[in-house]
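One predicted model, sequence on top.
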Amino acid sequence: MQRQPTVLYVEDDLQSRMVLEILLMEEMGLPHVTILENSVDFLSKVEALDPAADVVLLDIHVKPYNGFEMLAMLRNHPLYKDKPVVALTASVMSEEVALLEQSGFNGVIAKPIQQEVFPELLERVINGERLWTL
């Protein structure tokens, strides 16, 4: 049996956090899910994760570090430089999506999250697929 993936999600919106918590922990049954409500001390919190995250989901509009800044920190960290990092955002205009791709994200998932397809999208990202369809 394949090991369940470890997920880190950074999101400042309470409703979005609750939806993903239910999806990841209850519906998908993932035992290792960490949800941060802001990006304060982001890198030290990431380094403290045990086990380390297999996939990172980032809201783009978080403070004090936005999604692009958190992505840069992850890409400069030896443990996370090659891990899948996906933007979860309501900003899905084509030029914004192009900027996310150019910045090094592995994909984007539009908010609000479509609960019926999210588990499949997450599995595809974990398996190395890049998701740029909205």
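Now that the structure is in, tell me what you want to look at. Numbers count the residues shown, from 1 in each chain.

Over to L79. Which of the three states is it?
What DSSP: H, G, I helix; E, B strand; the rest coil gives for L79 is coil.

does it really touch A52, like I thought?
Yes - counting by C-beta atoms under 8 Å, A52 is a contact partner of L79 at 5.6 Å. From N, CA and C alone the C-beta is placed, and that goes for glycine too.

higher neighbour count, the two?
Taking neighbours as other C-beta atoms under 10 Å, L79 and A52 compare with A52 leading, 15 against 12.

Where do the strands of this structure begin and end?
Along the chain, counting by DSSP state E, strands occupy 7-10, 33-36, 55-59, 85-89, 107-110.

Mind putting these into a markdown table with distance to L99, mean neighbour count and mean pLDDT?
Converted to a markdown table, the strands of the chain look like this (distance: least, C-beta to C-beta, whole Å; neighbours: other C-beta atoms under 10 Å; pLDDT from 0 to 100):
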| stretch | distance to L99 | mean neighbour count | mean pLDDT |
| --- | --- | --- | --- |
| strand 7-10 | 18 | 23 | 98 |
| strand 33-36 | 23 | 18 | 97 |
| strand 55-59 | 14 | 23 | 97 |
| strand 85-89 | 10 | 23 | 94 |
| strand 107-110 | 10 | 20 | 92 |
